[in-house]
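Trainee: Sequence below, structure please.
(one chain, ligands or ions: 1)
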Amino acid sequence: MSRVRSIVRGVGSYLPKNVVTNAELAKTVDTSDEWIQQRVGIKERHIAAEGEFTSDLAVAAARAALENAGLTPDDIDLIVVATTTPDYTFPAAATLVQMKLGMHHGFAFDIQAVCSGFVYAVTTADSHIKNGLAKRALVIGAETFTRLLDWTDRTTCVLFGDGAGAMILERAELAEGEPERGIIASALRSDGHHWDKLYVDGGPSSTGTAGHVHMQGPEVFRHAVGKITDVVYATLEQSGHTVADLDWFVPHQANKRIIDGAGAKLGLPPEKVVTTVDIHANTSAASVPLALSVAVADGRIKQGDLVMLEAMGGGFTWGASLIRW
Ligand code: ACO
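Mentor: Numbers count the residues shown, from 1 in each chain. As a prediction, this is how the structure comes out:
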């Protein structure tokens, strides 16, 4: 019997041109390069230009992924954009991406799960491919997260950056006996009781403003490593794989200490962990596809590799997805 799978056809990314180092930030807020590098492992971040919107970043990443896959927008019938920073309250950034790619066909929508957004989006696109609603999905994580920052709050403004990453998933029917490919297993979790540990104090229904990020940093840290490892184990268990089978671990890039803690708890050798938080900072839903794009472009992730994606963020939300590349 054949098995329907969502296989990866291509990845791509886009980073705004403007790079801001820790030293530059330290000129305007009471912080230091040493404090930031030591606590979170960030050296610099990209910041979107005035007039450059989330959908612009998303389209640039989408075009790069289409080129990587050798496809055109005509080949796509689903766009899912994971974002917490859409251009407008509505319509969805995904429909703007659809328009900017010149598409009139297919369907497009956003997913809001903050830093876990890309893993949620991949899992949702996979479901739509498996249930027959879509054949080829453009899954994008895109954020202009720095627009939510209070630049006088040193506890949050040093942590985040802007960017976008995209992945194209395609329906494939694997023949009997054909080795596993594509998305093998996923697990998603949330617990809204933790909403005020990491949130934005604005919104259309509460204040009518976009608001700013607030975070109980030590509380987020306390929950992160345990939740990440639990959901990775849950995903592995579904598939019959173990940590030792993984070729690559591509975690959400929030904080080097969280990534190192999760990697150590899972027993993963550091050389199997893809880390880009130093050069991208935390780009929320964009961080996982940005890290993936780097590791594909530099030749680390190759066809046949077993790759675990993982993310955790506001809500709390968290999740993981296991992919045979
Ligand atoms: N520069 C210099 N000093 C700072 C800065 C800064 N940017 N930010 C905070 N401090 C100071 C604080 O004011 C405090 O000073 P005080 O002792 O005089 O009051 C001191 O540093 C320690 O503050 P803490 O908040 O206790 O610092 P902590 O060691 O916990 O580090 C951090 C803060 C890095 C945010 C940590 O809690 C953390 O890593 N949390 C995880 C949160 C995270 O990564 N969030 C990303 C988004 S969530 C996600 O995506 C999963």
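
Trainee: what about the residue of the chain found nearest the ligand, neighbour count?
Mentor: Residue nearest to the ligand within the chain (C-beta to the nearest ligand atom): Gly217, separated by 2.8 Å. The C-beta positions use only the backbone N, C-alpha and C, and glycine is treated the same way. By the criterion of other C-beta atoms under 10 Å, Gly217 has 15 neighbours.

Trainee: same check, this time on His193
Mentor: 9.

Trainee: likewise Glu34?
Mentor: Glu34: 10 neighbours (other C-beta under 10 Å).

Trainee: Now name the helix or strand holding it.
Mentor: Glu34 belongs to helix 33-40 when elements are defined using DSSP states H and E.

Trainee: Any residue of that helix touching the ligand?
Mentor: Yes. Against the ligand, helix 33-40 shows contacts by C-beta under 6 Å from any ligand atom at 35-36, 39-40.

Trainee: Identify each buried residue in that helix, please.
Mentor: By neighbour count with 16 or more other C-beta atoms under 10 Å, helix 33-40 contains the buried residues 33, 36, 39-40.

Trainee: One more: stretch 87-94?
Mentor: 87, 91-94.

Trainee: repeat for stretch 126-143
Mentor: Neighbour-count burial for stretch 126-143 [16+ other C-beta under 10 Å]: 126, 128-129, 134-143.

Trainee: Could I get the full set of helices for the stretch 1-150 of the chain?
Mentor: 22-25, 33-40, 54-69, 93-100, 117-130 (DSSP state H, counting those that start in this stretch).

Trainee: could these be laid out in a markdown table, adding distance to Ala291?
Mentor: Listed next are the helices of the stretch 1-150 of the chain as a markdown table, based on distance: least, C-beta to C-beta, whole Å:
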| stretch | distance to Ala291 |
| --- | --- |
| helix 22-25 | 20 |
| helix 33-40 | 15 |
| helix 54-69 | 13 |
| helix 93-100 | 21 |
| helix 117-130 | 10 |
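
Trainee: could you dump the buried residues of helix 33-40 to CSV with pLDDT?
Mentor: Below are the buried residues of helix 33-40 laid out as CSV (pLDDT from 0 to 100):
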residue, pLDDT
Asp33, 98
Ile36, 98
Arg39, 96
Val40, 97
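
Trainee: CA atoms only for the helix holding Glu34, dumped as CSV, please.
Mentor: Output in CSV follows, covering the C-alpha atoms of helix 33-40 (Å, rounded to 0.1, in the frame of the first residue of the first chain):
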residue,chain,number,x,y,z
ASP,A,33,28.3,43.1,24.2
GLU,A,34,29.7,40.9,27.0
TRP,A,35,26.4,40.7,28.9
ILE,A,36,24.4,39.8,25.8
GLN,A,37,26.9,37.2,24.5
GLN,A,38,27.3,35.6,27.9
ARG,A,39,23.6,35.3,28.8
VAL,A,40,22.1,34.5,25.4
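
Trainee: which residues are contacting it?
Mentor: Residues from elsewhere that reach helix 33-40 (C-beta atoms under 8 Å, 6 or more residues apart in numbering): 21-23, 25-26, 42-43, 158-159, 254-257, 277.

Trainee: mind redoing it with 6 Å?
Mentor: Helix 33-40 is contacted from outside by 22-23, 42, 158, 255, using C-beta atoms under 6 Å, 6 or more residues apart in numbering.
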